[in-house]
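# What shape does this take:
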Amino acid sequence: MRMMKMLIRNQGKIFLVSPQVCSVSRNFSSSCNGSSSEMTVKSLSFANGGNQSNLRNSKGVDDVCKILESGNWGPAMENELSMLNEKPQPELIVAVLKRLKDVNVALNYFRWAERKLDQLHCPEAYNVLLTIAARSRKFDCLEQIFEDMSLSGNSPSNYTSMELVSSCVKSQKLREAFHLIQTMRKFKFRPAFSAYTTLIGALSAVNEPDMILSLFHQMQELGYEISVHLFTTVIRVFAIEGRVDAAISLLDEMKSNSLDADLVLYNVCIDSFGKVGKVDMAWKFFHEMKAQGIMPDDVTYSSMLGVLIKADRLSEAIELFEQMELNRKVPSAYAYNTMIMGYGLAGKFNEAYGLLERQKEKGSIPSAIAYNCILTCLGKKGKLDEALSVFQEMKKDAVPNLSTYNILMDMLCKAGKLETAFEIRDAMKDARLFPNIMTVNIMVDRLCKAQRVEEAYSIFEGMDHKVCSPNSYTFCSLIDGLGKEGRVDDAYKLYEKMLDAYQNPDPIIYTSLIKNFFKCGRKEDGHKIYKEMIQRGCSPDLVLLNTYMDCVFRARETEKGRALFEEIKARGLVPDVWSYSILIHGLIKAGFARETYELFYLMKEQGCVLDTRAYNTVIDGFCKSGKVNKAYQLLEEMKLKGHQPTVVTYGSVIDGLAKIDRLDEAYMLFEEAKSKGIDVNVVVYSSLIDGFGKVGRIDEAYLIMEEMMQKGLQPNVYTWNCLLDALVKAEEINEAIVCFNSMNDMKCTPNAFTYSILINGLCRVRKFNKAFIYWQEMQKKGFKPNVITYTTMISGLARAGNISDANGLFERFKANGGIPDSASYNTMIEGLSNAHRAMEAYALFEETRLKGCNIYTKTCVVLLDALHKAECLEQAAIVGAVLRETAKSQHASRSL
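As a prediction, the model looks like this:
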């Protein structure tokens, strides 16, 4: 087709323009298509010849750039540009844009030039502008440029689309790159083949299968030819993610496109499917490639061996290794290393050593990697001495490398031989190998765990940051070590140092800080750490939220604990068995054991698999909420599921049964626990002593106490209190006093409850004076009596006629904030009446009525008699009226 040409004169220039000129856009970025088949704009100089034009253009570009760099954009700058060149040529515009680096300056100049030209920008100008935006990481303005290019019928060049994607990838903004390609497709642009492959490669490194598949399908829609290599990349990502069906589907699609799998694809499939535990699939690919005439190489054999070893199928790995060896003259070092690791992990060290010798016989000297494999496995099996011997033997064949020394130091530190570890570190330096960050982290972490935090901190302080800078693991070990020692302020200062070093703390570090602040009783600081973490944009993980919830419940903030459990779900996380265990345990401690039942079934519905700790928590909740039968059933379920009940499990059920007087069942369970070799503790014995004592089976309680002491277990104050309470309730007060004295003889200090039990018992058998002696002893030891003890003692002294002491105790009880009950008031009124202190008794009578406490008929009769004797007739009349009203109400209630 012959192209018509229009001659346009403008400022000494001739423009050759295609008739397919688009309408002029008034947006800041209007142009025609960037391809050579569409609008072309060329500037031809005819004034002074080509060389003079080039010089003039170069000077013009310099002059424009000088103005653009002189200050901020505004009317003044626009006037300067207009004075320099009223109608800038496209050639000049492109040259200026190529010089600019600031995207805002470029956009302003682009807009201004467009207004001055009153015609479309050339495609190259758009592409340069897009490139500037991409290199400046100003991705937000790209969509507007795309839109204007689309309206003018243009599209980015292949180079530009590639440059845009590459800029995103280099700055690790992969989602932005994906969005960029989707935006280009929205405007019907065709991104370059290399733009797609670059982004797919970057996404495969971070395992983003869904985005990769979307790009892959777009390439197919655009008609790009998909190679086996690209299929391999996509299949690998899906296989690694464990999405086997999708990976298989892609394989089938590849075959349907008449593409044959190559060696690389088979190797990738074997390795990827094997790593996610699909061993049989890996085997299938191995046999299939041989059937297709593709011979396995060293990578194939090594990958397959690694897959089998990881799956604990060592015998199959040995068979495959021997098969490989039959066809080889030169041994594969990597395959040997893999097999040596396999033997080591299985604890077959003689076979591993034999493989080393076999490798030597074939003329291949084992490398440091082979020896490191053995050392690693010896470390996992705790064979330190053997590892040190192998280390000395290794020096005959290979030079120990940095990993060798790190493995040894880690083993020595774990074994608590820190001094020997320091010697190995010095030997490493003598070998001209200098500690890397792994070396530092091993030493710091192990020293912190050995509670030698100062030494760990000195290693941290002595780091040469030019050679080896601390990473998040280093900070984490030290922050946790300081926190566990109670040095939470120092831990927080180190956290601030981490922030100053431009390192972002992860949830592990925040978990440590929160836990240790709570542990030190500084719960408000713990809450502040959590808020600070959220403000910094760090999302809590499930471990952190579980730990925080546990801390909150331990601090008795029950409602906050409930809220954190709900927050787990609100953040899109799924509560695990630990989450439910913490919640149930916290609610039990707060007195909400009855909620255990509902939470237990909610946990089951969610598919949580209970471990021993979870079973113990739920069983304890059922027992404390009175659902002992359910707890018993859960104990049996626990055994069937293969979880061995612990002393905590048996203790909870035995205590639950004892509290509802099912003592024979409790005792049978107690015997079962002992028969299974469980060391029954004082808590379990105390539950049985308490249970038998409460139902009056004192002899059996004594026998259980005797058995406990014969086993070398010392009764604690709770145990003695259980026995004392049983004796007091059986009114064996002399035996109770003997028991109390035995308790003191065995160096078990009585507590307030002990004295209360004894005082109540003595008062019950009317030994008030003896009770008062224990009362005074209790006061001397600084124990504060409870309401029941006060009431009992007041009543006892009053009944014994010691009304002055009783009244003094009564007034002291009220002065200390105590609230007397009806029994106390009635006892005191009777006591004062009998002591001929009628008006004091009457005053207390009025106080009792004001408090709303019940006044007994007998009390009214005794007080009325005392008032008559004291000739207090007006008061006697009031008491008589109350007595008549009481009699009428009692008669009415009987008739009903």
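
# For D260, which three-state class applies?
coil (DSSP: H, G, I helix; E, B strand; the rest coil).

# OK, contacts around it?
Residues in contact with D260 (Cβ atoms under 8 Å, 6 or more residues apart in numbering) are V228, Q292. Using the backbone N, CA and C atoms, a C-beta is placed for each residue, glycine as well.

# quick one: it from A282, how far?
Spatial separation of D260 from A282 under the definition Cβ to Cβ, to the nearest Å is 20 Å.

# what's the burial count for Y650?
Residues contacting Y650 under the criterion other Cβ atoms under 10 Å number 25.

# and it, that's in a helix?
Yes: assessed by three-state DSSP, Y650 belongs to a helix.

# could you measure the closest residue in space to A352 that isn't next to it in sequence against S367, distance?
For A352, the nearest residue in space outside its immediate sequence neighbours is Y343; the separation is 3.9 Å by Cβ to Cβ, 6 or more residues apart in numbering. Applying Cβ to Cβ, one obtains 17 Å for the distance of Y343 from S367.

# Counting neighbours, go ahead and name the busier of the two.
Relative neighbour count places Y343 above the other of Y343 and S367, with 23 against 18, counting by other Cβ under 10 Å.

# Phi and psi next, for that one.
phi -60, psi -40 (degrees, to the nearest 10).

# Could you measure from the residue nearest to L482 when sequence neighbours are not counted over to I509?
Using Cβ to Cβ, 6+ apart and skipping residues adjacent in sequence, the residue nearest L482 is A491, 4.0 Å away. Counting by Cβ to Cβ, the gap from A491 to I509 is 9 Å.

# Check Y774 too.
Between Y774 and I509 the computed distance is 55 Å (Cβ to Cβ).

# With neighbour numbers in mind, choose between the two.
Residue environment comparison for Y774 versus I509 gives the larger neighbour count to I509, 27 against 22, counting by other Cβ under 10 Å.

# That one reaches T474, doesn't it?
No: shown here, I509 and T474 do not form a contact pair, counting by Cβ atoms under 8 Å, at 10.9 Å.

# quick one: contacts of the helix or strand hosting I737?
When elements are assigned from DSSP states H and E, I737 belongs to helix 733-745. Under the contact criterion Cβ under 8 Å, 6+ apart, helix 733-745 has outside partners 715, 717, 720, 723-724, 727-728, 750, 754, 757-758, 761-762, 764-765, 767.

# For those residues, point out the one with the lowest pLDDT.
Looking at pLDDT alone, those dip lowest at R764, where the score is 80.

# Isn't that residue up against E731?
Yes: under the criterion of Cβ under 8 Å, R764 makes contact with E731 at 6.8 Å.

# more crowded one of those two?
Applying other Cβ under 10 Å to R764 and E731 shows that R764 carries more neighbours, namely 15 against 12.

# C476 versus the nearest residue to L564 once chain neighbours are set aside, what's the distance?
Once flanking residues are discounted, L564 sits nearest to M549: 4.2 Å by Cβ to Cβ, 6+ apart. Using Cβ to Cβ, one obtains 21 Å as the distance from M549 to C476.

# Then M603?
When Cβ to Cβ is the yardstick, M603 and C476 sit 31 Å from each other.

# ok, now V653?
With Cβ to Cβ as the criterion, V653 and C476 are 40 Å apart.

# next one: Y842
Spatial separation of Y842 from C476 under the definition Cβ to Cβ is 74 Å.

# and if you look at C739?
When Cβ to Cβ is applied, the distance between C739 and C476 equals 53 Å.

# just to revisit the earlier point, buried among the contacts of helix 733-745? Need that as a selection in ChimeraX.
Listed next is the ChimeraX selection for buried residues among those, using 16 or more other Cβ atoms under 10 Å:
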select :715,720,723,724,727,728,750,754,757,758,761,762,767
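
# Which parts of this protein are strands?
In the chain, the strands defined using DSSP state E lie at 6-10, 13-17, 42-45.

# and the second one, average pLDDT?
Along strand 13-17, the predicted confidence averages to a pLDDT of 32.

# ok, E124 touching I93?
No: at 9.1 Å, E124 does not count as touching I93 under the criterion of Cβ under 8 Å.

# Show me which of the two is the more surrounded one.
Each of E124 and I93 had its neighbours counted (other Cβ under 10 Å), and the higher figure belongs to I93 (26 against 19).

# count of residues packed around the nearest residue to the more buried one once chain neighbours are set aside?
Computed as Cβ to Cβ, 6+ apart, the closest residue to I93 that is not its neighbour in sequence is A113, at 5.0 Å. Burial measure for A113: 23 neighbouring residues, criterion other Cβ under 10 Å.

# L703 too?
14.

# Can you check the pLDDT for it?
At L703, the predicted lDDT confidence score is 93.

# which residues touch the nearest residue to L81 once chain neighbours are set aside?
Of all residues beyond its chain neighbours, the one nearest L81 is I67 (5.9 Å), with distances taken as Cβ to Cβ, 6+ apart. Remark: with contacts taken as Cβ under 8 Å, 6+ apart, I67 is in contact with M77, E80, L81, L84.

# Could you identify the most distant pair in those?
Every pair in the contacts of I67 was compared (Cβ to Cβ); the two farthest apart turn out to be M77 and L84, at 10.8 Å.

# shaky segments in the protein?
Under the criterion pLDDT under 70, the flagged ranges of the chain are 1-59, 119-120, 137, 139, 890-896.

# what's the longest helix in it?
Using DSSP state H, we find that the single longest helix of the chain is helix 873-895.

# Can you show me the CA trace of that helix as CSV?
Only the C-alpha atoms of helix 873-895 are listed here, as CSV (Å, rounded to 0.1, in the frame of the first residue of the first chain):
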residue,chain,number,x,y,z
LEU,A,873,-39.7,-1.8,130.1
GLU,A,874,-39.9,0.3,126.9
GLN,A,875,-37.2,-1.8,125.2
ALA,A,876,-38.8,-4.9,126.6
ALA,A,877,-42.1,-3.9,124.9
ILE,A,878,-40.3,-3.6,121.5
VAL,A,879,-38.6,-7.0,121.9
GLY,A,880,-42.0,-8.5,122.9
ALA,A,881,-43.6,-7.1,119.8
VAL,A,882,-40.8,-8.6,117.6
LEU,A,883,-41.2,-11.9,119.5
ARG,A,884,-45.0,-11.9,118.8
GLU,A,885,-44.5,-11.1,115.1
THR,A,886,-41.9,-13.9,114.9
ALA,A,887,-44.3,-16.4,116.5
LYS,A,888,-47.1,-15.4,114.1
SER,A,889,-45.0,-15.8,111.0
GLN,A,890,-43.7,-19.2,112.2
HIS,A,891,-47.3,-20.3,112.9
ALA,A,892,-48.4,-19.1,109.4
SER,A,893,-45.6,-20.9,107.7
ARG,A,894,-46.5,-24.1,109.6
SER,A,895,-50.2,-23.9,108.6
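
# by contact count, what packs against that helix?
Contacts defined by 3 or more Cβ pairs under 8 Å, 6 or more residues apart in numbering; DSSP states H and E place helix 873-895 against helix 838-851, helix 857-869.

# What about I369, how many residues nearby?
Taking other Cβ under 10 Å as the definition, I369 ends up with a neighbour count of 17.

# and the nearest residue to it once chain neighbours are set aside, what does it touch?
Across the structure, with Cβ to Cβ, 6+ apart as the measure, the residue nearest I369 apart from its sequence neighbours is N337 (5.3 Å). With Cβ under 8 Å, 6+ apart as the criterion, the residues that contact N337 are S367, I369, A370, C373.

# any idea how far N337 is from L758?
For N337 relative to L758 (Cβ to Cβ), the value is 75 Å.

# With L587 instead?
Relative to L758, L587 is positioned 35 Å away (Cβ to Cβ).

# just L542 next, same as before
Counting by Cβ to Cβ, the gap from L542 to L758 is 51 Å.

# same check, this time on M304
M304 sits 77 Å away from L758 when distances are taken as Cβ to Cβ.

# Can you tell me the centre-most residue of this structure?
V543 (2.6 Å; Cα atoms, centre = their mean).
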